[in-house]
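Trainee: Structural data only, the sequence is not supplied:
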């Protein structure tokens, strides 16, 4: 098939606007350029704040936004010490360490109370867990939270990769047909341009435009298209010269500045949600000079999810905690430098020298009289004496401590989180736990935002899989004893997008509190059965909470028996039943099989395949019969023979 030239392609009408006017490739590229320029201008003030946040976090703290030219300008060094005492970085690091405690185990709720919907909800839950693992979401989540703390917002873009997944067939020409796979990637706020920065949620935006700087090779890997590369501006942390005061220059700080990336292109992706004029929405992918894709939106919504550090009412982008810490950091640097200037003055040993008493006065201007210096002076004209001046006020030191405590308060942490210290006079364990709960409650606001972002992302993933996945798919299991983890699913199995977390926000109800409550319940005997014994699952859970490590190596025969019974339950979904084995523990197998038979999934199986369910009933009956025979008393004659 002959490939069209660029001139032939540009002469083809691609679409029509609301007025019926024909749209060609140059019209679409011009529309993207105009819309991008408008959105950049609207977002410009926020972008300057993000750059300022990055500078302060990295240690370049003598800079500010110049309102006249709209750029970040260095501050005048002035006289005196100009040291940087970065308290923002450890506070943000403390926030990140606590936010990483959050867990994201989720469950998909059934759409209805029907048994079939319960089975499908269970499939969706297992699919979500698998997607989290295959996408490497833990590492991406940490980077997502870091960008959110830095700029106030971060985003996740999800899409369906037709060239991913298992290979289904080959065409014989070096190409293969694959089943496709879900993919996701992080977006920094620098790359996202909403329709309006004054519409709060993504659902409120009619369209979202992305601009990304990619190398030519990266673009080819994504879309299989070669375009000429140029130099493109992008943001990066680069070393800058930071004044140290008294004329000294120190190149030890990093600042967020623009850099030129060679052999690159600017990729524009335009998402327009379904509307009255375009019921299927619109997706445009283009570089500055080439249109790569134009067509309906492949999904039923814009596949972007937002995470905000702190919500701002009526604002699309969130607010970073660093923006509130910057004024306090400036005041802290100023107060600390006053103390250091005082110490420097004392170390310089300033002298009052009568005129004419010392011939070489210039030798004393640098650092006064150093140890071992021989000073010649004319006693008739006066004796040099040390300069007397009052010591530094305690108010300066108190101001430093006050600002430090205020910065911790603004950051949502305290001494207990930062250094493990408690306020003076607080020695009660109950009071300390109360302080920890207060800190966790303040930080949990950001934690709730993270959990809500992940929940919405899970909904987007399920919607994309339902819309794009075709045929039967198999999720692999991990471990030879976990054969029950094999899952076969189709798009028809994804019919519910009501997702809930299995646990509460760990920042509100911490792991230590959960462990203490669990162990206390064990001491009270709340988990004991009728014989006063703690069942094996509860003992195993206690070992996990105590973090003894390596407890899996101590797996008893009971653990292996339970795994064997669960495998038999899982094989039932594939129409496979077997007779009890000679080494099966009938009591454990019977208990595990009955648990499975009482679930809704087995009720649905009984309606769908009654013969298979009957075979499983017979399997359970065999275990019950063997258990009854083993526990039955022996005949009287046989007992007498054994006694003799």
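Mentor: Great, that's in hand. Predicted model only: the values in this text are computed from it and were never measured.
Trainee: what pLDDT, on average, does the longest helix seen in the chain get?
Mentor: Among all segments of the chain classified by DSSP state H, the helix with the greatest residue count is helix 429-468. The pLDDT scores in helix 429-468 average 81.
Trainee: Buried residues, that helix. List them.
Mentor: Buried residues in helix 429-468, defined by neighbour count with 16 or more other CB atoms under 10 Å: 435-437, 439-440, 443-444, 446-447, 449-451, 453-454, 456-466, 468. Bear in mind the C-beta positions are built from the backbone N, C-alpha and C, glycine included.
Trainee: who's in contact with residue 73?
Mentor: Contacts here follow CB atoms under 8 Å, 6 or more residues apart in numbering; on that basis residue 73 touches 63, 64, 65, 66.
Trainee: My guess is the last one contacts residue 72. True?
Mentor: By that I understand residue 66. Yes: if you go by CB atoms under 8 Å, residue 66 and residue 72 touch, sitting 7.3 Å apart.
Trainee: between those two, which one's more packed in?
Mentor: More crowded of residue 66 and residue 72, by other CB atoms under 10 Å: residue 72, with 19 against 12.
Trainee: In three-state terms, how would that one be classified?
Mentor: With DSSP: H, G, I helix; E, B strand; the rest coil as the basis, residue 72 sits in strand.
Trainee: Number of residues surrounding the closest residue to residue 166 other than its chain neighbours?
Mentor: Closest residue to residue 166 in three dimensions, ignoring its sequence neighbours and counting by CB to CB, 6 or more residues apart in numbering: residue 179, at 5.3 Å. Other residues within reach of residue 179 by the criterion other CB under 10 Å amount to 15.
Trainee: Make 11 the first number, not 1, from now on.
Mentor: Taking 11 as the first residue, the last one we looked at is residue 189.
Trainee: List the residues that contact residue 189.
Mentor: 175, 176, 178, 479, 480, 481, 483.
Trainee: go again using 7 Å as the cut-off
Mentor: Residue 189 makes contacts with 175, 176, 178, 481, 483, as judged by CB atoms under 7 Å, 6 or more residues apart in numbering.
Trainee: State the three-state secondary structure for the third one.
Mentor: I take that to be residue 178. For residue 178, the reduced secondary structure class is strand; criterion used: three-state DSSP.
Trainee: Count the neighbours of it for me.
Mentor: Around residue 178 there are 11 other residues, counting by other CB under 10 Å.
Trainee: Do I have it right that it meets residue 188?
Mentor: Yes: the pair residue 178 and residue 188 passes the contact test of CB atoms under 7 Å, sitting 6.2 Å apart.
Trainee: what stretches of the stretch 11-160 of the chain score poorly on pLDDT?
Mentor: For the stretch 11-160 of the chain, the stretches flagged by pLDDT under 70 are 11-19, 86-91, 125-126.
Trainee: Tell me which stretches of it form strands.
Mentor: With DSSP state E, counting those that start in this stretch as the criterion, the stretch 11-160 of the chain has strands at 25-26, 32-33, 73-76, 81-84, 116-118.
Trainee: Tell me which of those is the most buried.
Mentor: Each of these was given a mean neighbour count from mean count of other CB atoms under 10 Å, and the largest, a mean of 19, is that of strand 116-118.
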